[in-house]
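**Q** Sequence first, then the predicted structure, then my questions.
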Amino acid sequence: MARYSGFKQLLGYVVSMFLIALSFYQWDMSQRKLEERIHETQELRKQLLRETCAGDKETFKHRLEDVRDKELANLIVDDKHGIIYCYIPKVACTNWKRVMFSLTQDEPYPDPVSISSYLVHLPNTLPLLISFPRPEMKAKLKHYTKFLFVRDPFVRLISAYRNKFLQHNEEFYQRYGRHILRLYANQPDPPQSLDEANASGMRVSFQNFIQYLLDPLTERNVPFEPHWRQMQRLCLPCLIKYDFVGHQETLQQDSSQLLKILMLQDDIQFPPSYENMTTHAVLLDWFSAVPLEDRRKLYELYEEDFRMFGYKRPRELLDG
């Protein structure tokens, strides 16, 4: 009887070990399949960039000699790890700047979550490509691992509008809000401060914001502010051959894979994202007050971003 009991215990142990090994095998296989799928997605994203750039050599800049330094102002350099990151406002750029800042510190790297968002947006906090002589810039662009993260262009505009015109932002009210109210909201003498504007119930509407973007005079003297400048203009993907193209819509998955590619997955973690994803219904609601003709013009303004980065033309907004 004792021998039979011992056999049962041994059998139970063997079965338990088998089930544990099987679960680890299944987990490992699922991880491999996920990584293969991400790799295939990356190849498709980069192929789309190459094809779009090759198909329109007149529109997009392809040579460093044709670009002024200020057009490269969004490229952050990490010499220690051989990385160049092109940041795009409203596309997880605060958290990626936190990661880039952490990597400039001594090991063990500080948790990016602990890094102040205010600090990483200050000038001169992170080294920029334009701080180097042109020959060095060219060498770094050739040899470093280059990446960017993009987002649905219309959803990015909504995020920029909410951040700069619905939240309390005196700077943007003074630089843009009063001007927009004056020209597009029939307010010849807008309040002097944002607090006064809020007290009187006066606010830049999303439709006013779109009117401002569509006005040909807006870019007569200066380019679009980076929060609503086209992504392809900020990161020049026909000039810079990016090794990794992340999407906001798959942010955590893409970020995790990128850190593996950079061989940093054991050293640093990308912060969790809490921004609500804009649904199809929410997108329709935001544009409900924008005339159909203006929606179509807006698409034309950001069409290269849609095409280059694989975002579908929003037919429900543009086809009436």
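**A** Thanks, I have it. Residues are numbered from 1 along each chain as shown.
**Q** distance between stretch 219-235 and the chain's centre?
**A** For stretch 219-235, the separation from the chain centroid amounts to 15 Å (computed by Cα atoms, centre = their mean, to the nearest Å).
**Q** same check, this time on stretch 156-167
**A** Counting by Cα atoms, centre = their mean, stretch 156-167 comes out at 15 Å from the chain centroid.
**Q** got it, and stretch 227-243?
**A** Taking Cα atoms, centre = their mean, the mean C-alpha location of stretch 227-243 is offset from the chain mean by 11 Å.
**Q** Sketch out the low-pLDDT regions of the chain for me.
**A** Confidence mapping of the chain against pLDDT under 70 gives the ranges 1-8, 10-31, 275-277.
**Q** Break it down into its structural domains.
**A** Listed by automatic domain parsing, the domain ranges of the chain are 64-152+234-261, 154-227+279-318.
**Q** Need the winner for burial among the ones you listed.
**A** Mean neighbour count, computed with mean count of other Cβ atoms under 10 Å, is highest for domain 64-152+234-261 among those, reaching a mean of 17. Where you see a C-beta, it was placed from the backbone N, CA and C, and this is true even at glycine.
**Q** Could you tell me the end-to-end distance of that one?
**A** 26 Å (Cα to Cα, to the nearest Å).
**Q** likewise stretch 191-203?
**A** End-to-end for stretch 191-203, by Cα to Cα: 10 Å.
**Q** any idea how far that stretch is from the chain center?
**A** Relative to its parent chain, stretch 191-203 has a centroid offset of 31 Å by Cα atoms, centre = their mean.
**Q** now swap in stretch 93-104 and tell me
**A** Chain-centre distance of stretch 93-104: 13 Å, with Cα atoms, centre = their mean.
**Q** And the contacts of that stretch?
**A** Contact partners of stretch 93-104, identified using Cβ atoms under 8 Å, 6 or more residues apart in numbering, comprise 76, 78, 80-81, 83, 85, 87, 109-113, 115, 117, 119-121, 125-127, 149, 255, 264, 268, 270-271, 273.
**Q** coming back round to it: need the domains of the chain in TSV (columns: distance to E58).
**A** As requested, these are arranged in TSV below (distance: least, Cβ to Cβ, whole Å):
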stretch	distance to E58
domain 64-152+234-261	11
domain 154-227+279-318	12
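**Q** So for T41, which of these sits nearest?
**A** domain 64-152+234-261 (8.0 Å; Cβ to Cβ).
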